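Student: Structure for the following, please:
(one chain, ligands or ions: 3)
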Amino acid sequence: MFAVSFVPRTTSCRLISATSLFLPAVLHDASTTTSTCSFPRISEGFRFLYISLFALCLVTGHNGGSYEEALAALSSLRMKRNHADNSEKGDRFEILFDYLKVFSYILHMLNMKVIHVAGTKGKGSTCAFTESILRNYGFRTGLLTSPHLISVRERFRLDRQVSLTFVDISEDKFLGYFWWCYNRLKERTNEEIPMPTYFRFLTSLAFKIFAAEKVDVAILEVGLGGRLDSTNSVRKPVVCGVSPLGYDHMEILGDTLGKIAGEKAGIFKLGVPAFTVPQPDEAMRLLEEKASQLNVRPIFNYLIGENKLGLDGEHQYLNAGLAVSLASTWLQQVGKLEVPSLTQKCILPEKFIKGLATASLQGRGQVVSDQFIESQTSGDLVFYLDGAHTPESMEVCAKWFSSAVKRDNQSESSEHLLSGSSESSHDQFSGEENCHQILLFNCMSVRDPTMLLPHLRNTCSNYGVHFKKALFVPNMSVYHKVGTAANLPEDDPQVDLSWQLTLQKVWESLAQSEIGREEDGESSGNSEVYTSLPMAIKWLRDSVHESSSATRFQVLVTGSLHLVGDVLRLFRK
Ligand SMILES: Nc1ncnc2c1ncn2[C@@H]1O[C@H](COP(=O)(O)OP(=O)(O)OP(=O)(O)O)[C@@H](O)[C@H]1O
Ligand SMILES: [Mg+2]
Ligand SMILES: [Mg+2]
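Tutor: Ligands and ions are numbered 1, 2, ... in the order given. Down below sits the predicted model:
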């Protein structure tokens, strides 16, 4: 079993390829390459016209439809989640280059300084740390992550140098770029080269946005796997990284860690430095084997120390360590700044420290209080949100939750002791018996709940956290409906709850086996299935109201990033 739970504050990263050999730059220029593709060549004059027209669209509004129409168009794209292969014309990997040619402006991609990150877990977090560090150095950054929680615009982040805070791309800009790309593809695709799939389209859109916005660095998270992922059409990144590997998407990537690692190592390029974190032996062997063809460099350790991280949880130190390696290598490679040699353990430069401390990515170790409940009652309802959905991440999520609730309960009581007050409503929470931990869970039916729920329950219980109740709900948002999909009826009697009932069964059997060992009795009321998320939240709010003494409900929301997104979306209403 792969465990990353040991994450030390000193994180080791490996440099696993060398910089001595270089592939020729590969993004083809539509105006200079011979190609079987039917796209027209575009003269300089036309290119200028296109760019001017596009700039005009951005200033005066776009020439496509509304945001809702854009989301509908996006939803109409195929959602293929299998590997790219050659069995169907439209799924060939090579077709990605044809899509890129549609965007003549994409030639700027050749000059883009890319950081490329694959991995099973922690890709998005690693990218967010990396982006934050480089933004603190004053570089104009573009960040592509996936999936999104509430709005598809979250996937595309552009910096705002003045305030040094990141922003998702604005709706106006998004629409301008979206329709430019969508309409061009619609016009130029045909039977040979059909419209791209959903994720491929979004990747192409990111390339377009980052090129047009002239970012100094584009940080790209792989969508799935690596070798055949659409982000892998960037053939000459500055540096790449592989975050922790584990079992996920096995039906696509293979059923052993070696096979999975082989796919992820598909992002390695000759001459491009690549880093990883400590991995299970089988995965590391494969990464090293692949890297050995590219001249392996020795291991080094980087000291993250006690620095504060913008993302909560011990596991984030591993991601942050990888991000430090990626950012410092990028800084060294582009030759713009003197950065300390990573072969020494040294104090991080101030901008790294600030970048790590201010990184953010919602739904990863995020704590949100229910404001509604606070104004109504002396009780308290707090949501702990984490989109873990693999066995390994269930474990890190359980550890994070256990220590976060303890920390929060302790800090409340010590704050109270310091203030010397006995009046505060939080006074009543200082005894842990007044704090109830509840699980709010769903996962996709392709996942195995007998792998996820025991990890979660056992790890929490090892840390002294025992769930009073588990609530199972269906997701509100449907993956391929990327819009404001939280508009299902609050309580739909038609909704199919068979999967949630399966989850409940697994949970109940875990509870039974614990009780069976300890008390040999029957359990009841350990769990509930609700037809919708609002119904579950209503139950939580009612329970807080109805508690005889002030009670804090600490709700862990996990199993699915979509469920986490649904909760956040409800709070934003
Ligand atoms: N280093 C890690 N080891 C194990 N689990 C992790 C690690 N980092 C993050 N996670 C878990 O994975 C979840 C998603 O984190 P993140 O978005 O950084 O990963 P990702 O690889 O981008 O995931 P996805 O597969 O959803 O794109 C987190 O909420 C956390 O539970
Ligand atoms: Mg994934
Ligand atoms: Mg991700």
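
Student: Report the separation between the residue in the stretch 451-573 of the chain that ligand 1 sits nearest to and Asn442.
Tutor: Closest residue of the stretch 451-573 of the chain to ligand 1, Cβ to the nearest ligand atom: Leu561 (5.5 Å). All C-beta atoms are positioned from the backbone trio N, CA, C, and that covers glycine. Distance of Leu561 to Asn442, computed by Cβ to Cβ, to the nearest Å: 11 Å.

Student: circling back to that earlier point, ok, the residue of the stretch 451-573 of the chain closest to ligand 1 touching His389?
Tutor: Yes. Using Cβ atoms under 8 Å, Leu561 makes contact with His389 at a distance of 7.0 Å.

Student: Spatially nearest residue to the residue of the stretch 451-573 of the chain closest to ligand 1, not counting backbone neighbours?
Tutor: In space, Leu561 comes closest to Gly387 once its chain neighbours are excluded; the distance is 3.5 Å by Cβ to Cβ, 6 or more residues apart in numbering.

Student: Can you classify that neighbour as helix, strand or coil?
Tutor: Judged by DSSP: H, G, I helix; E, B strand; the rest coil, the three-state class of Gly387 is coil.

Student: what's near enough to touch it?
Tutor: Gly387 is in contact with Leu149, Gly363, Arg364, Thr558, Ser560, Leu561, Val564, counting by Cβ atoms under 8 Å, 6 or more residues apart in numbering.

Student: if I pick the fifth one, what's in contact with it?
Tutor: The one in question is Ser560. Applying Cβ under 8 Å, 6+ apart, we find Ser560 in contact with Gly387, His389, Asn442, Cys443, Met444, Asn475.

Student: Test my guess that the fourth one contacts His389.
Tutor: Pointing back at Cys443 there. Yes. Cys443 lies in contact with His389 (Cβ under 8 Å); the separation is 5.8 Å.

Student: Confirm Ala218 sits in a strand?
Tutor: Yes. Counting by three-state DSSP, one finds Ala218 located in a strand.

Student: tally of neighbours for it?
Tutor: Other residues within reach of Ala218 by the criterion other Cβ atoms under 10 Å amount to 26.

Student: swap in Glu350?
Tutor: 9.

Student: Check which helices and strands the host helix or strand of Ala291 sits against.
Tutor: Assigned by DSSP states H and E, Ala291 belongs to helix 281-292. If you count contacts as 3 or more Cβ pairs under 8 Å, 6 or more residues apart in numbering; DSSP states H and E, helix 281-292 packs onto helix 257-264, strand 274-276.

Student: In the sheet, which strands lie alongside the shortest one, parallel or antiparallel?
Tutor: Take DSSP bridges as the rule and strand 274-276 pairs in its sheet with strand 10-15 (antiparallel), strand 239-242 (parallel).

Student: Any residues of the stretch 1-150 of the chain in contact with ligand 1? List them.
Tutor: Residues of the stretch 1-150 of the chain lying near ligand 1 by Cβ under 6 Å from any ligand atom: Val4, Gly119, Lys121, Gly122, Lys123, Gly124, Ser125, Ser146.

Student: And the fourth one, how far from Val555?
Tutor: As for Gly122, its distance to Val555 is 24 Å (criterion: Cβ to Cβ).

Student: Right, I'll call it a day here.
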